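Trainee: Output the structure for:
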Amino acid sequence: MRVERRLDLTHQDRHPSHERSRTEDYMQASQLNRIAGFIWGIADDVLRDLYVRGKYRDVVLPMTVLRRLDAVLEPTKDAVLDMKTMLDNAGVDNQEEALRQAAGQAFYNTSPFTMRDLRSRSSQQKLRDDFLAYLDGFSGNVQDILDNFEFRNQIPKLVKADALGALIEKFLDPDINLSPHPVLKPDGSVHKPGLDNHAMGTIFEELVRRFNEENNEEAGEHWTPRDAVKLMASLIFLPIADQIESGTYLLYDGACGTGGMLTVAEEAFQQLASKHGKKVATHLYGQEINSETYAIAKADLLLKGEGEAADNLVGGPEYSTLANDAFPSREFDFMLSNPPYGKSWKSDLDRMGGKAGIKDPRFLVDHAGDSEYSLITRSSDGQLLFLANMISKMKHATKLGSRIAEVHNGSSLFTGDAGQGESNIRRWIIENDWLEAIVALPLNMFYNTGIATYVWVLTNRKSERRQGKVQLIDATRWYEPLRKNLGKKNCELTEGDIKTITDAFLNFDQTEHSKIFANEDFGYFKVAVERPLRLKGVEAGRVYSAKEIKNLRASSEVDEEAPPIIKKIHRRGTQADPLRGLFEAEIHGKPAVVEYEPDADLRGSEQVPIAEPGGIELFLRREVLPYTPDAWYVADSVKTGYEISFTRHFYHPKPLRTLDEIRTEILAIEKETEGRLNDILGGTIK
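Mentor: Have a look, this model is predicted:
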């Protein structure tokens, strides 16, 4: 039986160094649910008449962060103040590292106050001044969080409504303990257990999820469900599990949202390395354009005790990944992302100089003999550019290279004509043999959309058996329904479902749900096919000048029986080649090779598979010339494109009904309609 989830505290959520029994897990889940519920209730108790429900998060999330950081810093408060005094007296300007060491954390507060000190203030003005001084005392990384939460903007409103003091009192309520240290009874026994960093981070994640659900217009916009992340982590880690060596690995997400994808992937990698007897250090890097979401991600890492990782997150409106890459010289071992899809990136395009002005080496590459091969997509959707960004950060000098998992909607598979940005990106990826697999996920997997989604898996170190091949996996029917929708998410991948998908991936077999293709199977040549212009009054065997052709177009009608208009005669010795537009004709009674004026209204195009036996010419002889024998193709116009069709390869037609079933249904309809017609005509039908 599935238990309705509040906090997801199954084994995948446990820190590797904190294995617990099922009883302990249940007890902690109950504790964390209670704390999250208490904090959730603060909004209704204090903010109900002051904020609309959708704005509660603007106060509750930063206050939760502040209270946790405050509780963590309490034991070393005096040491930090002493260190601050000593550094000031010594005239030391660069105090960051010393103050962090004094605090024993990646952050600190040099104000004379703790949150408890702010409880008893004689006036709201005094409380406001001291609270602002308290905020100003935090280290730069916490200031960054507060600034992106825009929390200081809330203080005048809270003070004016006499709500700031009540808010502080609520977060200091003895019924909850947000400190890592237990609250003891007089006899020394534990009254309220402490929260380790991971548990606090989980509470914070739960609050974010609840607020996202409350704001239906934003629900899940920056939130990738944990089951999807676990699948993505499995797809990039499991293929190289037995090749992991002890050492340091870098993980990156170029659209990191609230940071959950990085932290879940980090945990999965740590567990896998430990299982194989390896000791690994992981460093997280991320970039996020949304201010509040970036603040949540950074706060979550600080709450989990990952101060260095928090410092490696970059965000805010000035840090668009496409227009302002925060890590241009970095390369990463593992990269995961769920970039925005179907979202305009025109503002980024304008900042980068427009299509003609972009010189970013992430999006102008050397490929297929073109030193400025363009990956620039339509301005209405830039999701594939996020993938190009990650590819630019692949490691090429290491044994494992880099592995990438990124979520896309269906348009990344096929939009963009040959020679356009989307198709160019697919071509660039596939012809470089980086694409390992694409996994089609079940519908309604994500909180904010019910559309079809796909996980692209890339690496620059394909195993020998995968080289030159791409695997497509249809996982749309491997899921379990949720009892209660979370936004638009109505299903989830269970542990069993994830194993089924990863087994199909690792086995690399041709099955009903897994198809293996050669790289070139997705490529095609787009060929322009022309037919001659035929107009009334045209003389056979005569060459017309451009001006004459223009006048004929304006004054004559199309006549399919008229001879084709000759626009050019070639020198003697030119070989006729009708398929390329070089036709034999008689000019003044002598044989010649000519070109015809094309009819723009009859112009068409053909997609010729790259893998077509015999190539373009044999295809046209078979598929075009039998129906339009005067057609030719323009060799200079041939463009190479790539597209991927899941529908074509995994189409499951519904079985046709039997004739007996159809006959029975028709007779039933006839019997029903006969009676109604008789009623309409007043019973005249006998």
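
Trainee: Please make it C-alpha for all contacts and neighbour counts, starting now.
Mentor: Noted.

Trainee: Tell me which residues are up against stretch 227-241.
Mentor: 261, 264-265, 268-269, 272-273, 276, 334, 336, 400, 403-406, 445, 455, 457, 492-494, 498, 502, 505-506 (Cα atoms under 8 Å, 6 or more residues apart in numbering).

Trainee: Strands - which of the residues you listed land there?
Mentor: Under the assignment DSSP state E, those contribute 334, 336, 403, 404, 405, 406, 455, 457, 492 to strands.

Trainee: Looking at those, spot the one nearest residue 557.
Mentor: Top of the list for closeness to residue 557, among the ones in strands among the contacts of stretch 227-241 and by Cα to Cα, is residue 455 at 53.9 Å.

Trainee: could I get the ones in strands among the contacts of stretch 227-241 as CSV with neighbour count, pLDDT and distance to residue 173?
Mentor: Shown next, in CSV, are the ones in strands among the contacts of stretch 227-241 (neighbours: other Cα atoms under 10 Å; pLDDT from 0 to 100; distance: Cα to Cα, whole Å):
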residue, neighbour count, pLDDT, distance to residue 173
334, 29, 98, 42
336, 29, 97, 39
403, 28, 98, 46
404, 31, 98, 45
405, 28, 98, 43
406, 23, 97, 43
455, 24, 97, 45
457, 22, 98, 48
492, 22, 91, 36
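
Trainee: which residues touch the residue nearest the centre of the chain?
Mentor: Central residue check for the chain by Cα atoms, centre = their mean: the C-alpha nearest the mean position is that of residue 338, 1.9 Å away. Neighbour list for residue 338: 224, 255, 256, 406, 407, 408 [criterion: Cα under 8 Å, 6+ apart].

Trainee: next one: residue 294
Mentor: 145, 148, 256, 257, 258, 287, 288, 313, 314, 315, 316.

Trainee: Lowest pLDDT pick from these?
Mentor: pLDDT is lowest at residue 258 among those; the value there is 83.

Trainee: how near is that one to residue 289?
Mentor: Relative to residue 289, residue 258 is positioned 11 Å away (Cα to Cα, to the nearest Å).

Trainee: for residue 616, same thing?
Mentor: Residue 616 sits 46 Å away from residue 289, going by Cα to Cα.

Trainee: Contacts only, for residue 346.
Mentor: Counted by Cα under 8 Å, 6+ apart, residue 346 has contacts 379, 380.

Trainee: Now it. Its backbone dihedrals?
Mentor: The phi/psi pair for residue 346 (degrees, to the nearest 10) reads phi -60, psi -40.

Trainee: Distance across stretch 467-483, terminal residue to terminal residue?
Mentor: For stretch 467-483, the end-to-end distance is 42 Å (Cα to Cα).

Trainee: in that stretch, what counts as buried?
Mentor: In terms of neighbour count (16 or more other Cα atoms under 10 Å), stretch 467-483 has its buried residues at 468, 469, 470, 471, 472, 473, 474, 475, 476, 478, 479, 482.

Trainee: could I get those as CSV with secondary structure and distance to residue 641?
Mentor: Formatted as CSV, these follow (DSSP: H, G, I helix; E, B strand; the rest coil; distance: Cα to Cα, whole Å):
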residue, secondary structure, distance to residue 641
468, coil, 17
469, strand, 17
470, strand, 16
471, strand, 19
472, strand, 19
473, strand, 22
474, strand, 24
475, coil, 26
476, coil, 27
478, coil, 32
479, coil, 34
482, strand, 40
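
Trainee: now, among the residues you listed, which is nearest to residue 83?
Mentor: Minimum distance to residue 83 across those is 53.0 Å, recorded for residue 482 (Cα to Cα).

Trainee: quick one: the closest one from residue 494, how far?
Mentor: 11 Å.

Trainee: same deal with residue 162?
Mentor: For residue 162, the distance to residue 494 - Cα to Cα - is 47 Å.

Trainee: Over to residue 80?
Mentor: 47 Å.

Trainee: Give me the more crowded residue out of the two.
Mentor: Using other Cα atoms under 10 Å as the criterion, residue 80 and residue 494 rank with residue 80 on top: 24 against 16.

Trainee: for the strand or helix carrying residue 252, the distance to its chain's centre please.
Mentor: If you go by DSSP states H and E, residue 252 is part of strand 247-253. In terms of Cα atoms, centre = their mean, to the nearest Å, the centre of strand 247-253 is found 19 Å from the chain centre.
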